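Colleague: Provided below for reference: sequence and predicted model.
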Amino acid sequence: MNAQDLKNSILQRAIEGKLVPQRKEEGTAKELLAEIRAEKARLIKEKKIKKSKPLPEITDDEKPFDIPESWEWVRFEDIFEIARGGSPRPIKQFLTESDDGINWIKIGDTDIGGKYILCTKEKIIPEGLSKTKLVEPGDLLLTNSMSYGRPYILKTRGAIHDGWLVLSPYLKQTDKEFFYYVISSTYVHNQQFTAFKPLAHRPRPRPARL
């Protein structure tokens, strides 16, 4: 077994709940989901996010393996608001070197196999925001073109073009590091990224587990 196969094996055991013992004092996924739903309802009431359509129930056929009793199968949309970026065009007219420019986050600002996006090479003028998507530190970004489905944790504020998807957790204390590794796992990489294609093609969203 080489180093990559070992890493994949460890990640797979982790997402199946087999890597470490489950502790009762840590609570259950059902309790955490109730907290997430309450926060989502608050954000909708305050008109900070839009109300989404009900998601289909997860069937037994969609569950690829058994998980601990304290865990729950959910869809990514149960935990995150998922959106696609956009680009002001022609982009050259919106680029700036001014200090008040907004970071323009490009896939070229990342490293394959990296985890964080710390800075950008380019900025855009504030007027470009109406044609793009503003993202915040702590958001999860996924490449939506080129090498599809590479996850990154954002460490700076900026705007993204349509080659990105952003996963903004409803609950701010959501462990982004955990989900970075979940999304990086072989299971998710092979099975789950159609969950994000409804932004363009609207297939049935796939489940994740919490």
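Modeller: Now that the structure is in, tell me what you want to look at.
Colleague: in contact with the residue sitting nearest the centre point of the chain, which residues?
Modeller: Nearest to the mean C-alpha position of the chain, counting by Cα atoms, centre = their mean, stands Leu167 at 3.4 Å. Shown in contact with Leu167 (Cβ atoms under 8 Å, 6 or more residues apart in numbering): 76, 80-82, 139-142, 179. The way it works is simple: take the backbone N, C-alpha and C, and place the C-beta from them, glycine included.
Colleague: can you check Gly128 too?
Modeller: Gly128 touches 88, 94, 102, 159, counting by Cβ under 8 Å, 6+ apart.
Colleague: make it 6 Å
Modeller: 88, 94 (Cβ atoms under 6 Å, 6 or more residues apart in numbering).
Colleague: go on, Gln173?
Modeller: Counted by Cβ under 6 Å, 6+ apart, Gln173 has zero contacts.
Colleague: in three-state terms, label it for me.
Modeller: coil (DSSP: H, G, I helix; E, B strand; the rest coil).
Colleague: all the helices of this protein, in order from the start?
Modeller: With helices called from DSSP state H, the chain shows them at 3-15, 29-45, 76-79, 176-184, 186-191.
Colleague: which among the contacts of Leu167 gets closest to Lys172?
Modeller: For the contacts of Leu167, the closest approach to Lys172 (Cβ to Cβ) belongs to Asp139, at 10.8 Å.
Colleague: the closest one reaches Ser168, doesn't it?
Modeller: Yes - shown here, Asp139 and Ser168 form a contact pair, counting by Cβ atoms under 6 Å, at 5.3 Å.
Colleague: who's more crowded, these two?
Modeller: Set Asp139 next to Ser168 and count neighbours by other Cβ atoms under 10 Å: Asp139 wins out with 25 against 19.
Colleague: CSV for the helices of the chain, including mean pLDDT, distance to Pro56 and mean neighbour count?
Modeller: Formatted as CSV, the helices of the chain follow (pLDDT from 0 to 100; distance: least, Cβ to Cβ, whole Å; neighbours: other Cβ atoms under 10 Å):
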stretch, mean pLDDT, distance to Pro56, mean neighbour count
helix 3-15, 80, 22, 14
helix 29-45, 94, 16, 14
helix 76-79, 91, 11, 20
helix 176-184, 87, 21, 17
helix 186-191, 70, 17, 16
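Colleague: looking at the ones you listed, which is closest to Cys119?
Modeller: Closest to Cys119 of these, according to Cβ to Cβ: helix 176-184, at 18.2 Å.
Colleague: show me what the closest one is packed against.
Modeller: strand 151-154 (3 or more Cβ pairs under 6 Å, 6 or more residues apart in numbering; DSSP states H and E).
Colleague: chain center to the strand it packs on: distance?
Modeller: With Cα atoms, centre = their mean, to the nearest Å as the basis, strand 151-154 stands 8 Å off its chain's centre.
Colleague: quick one: contacts of that strand?
Modeller: 110, 115-117, 135, 137, 139, 141-142, 176, 180, 183.
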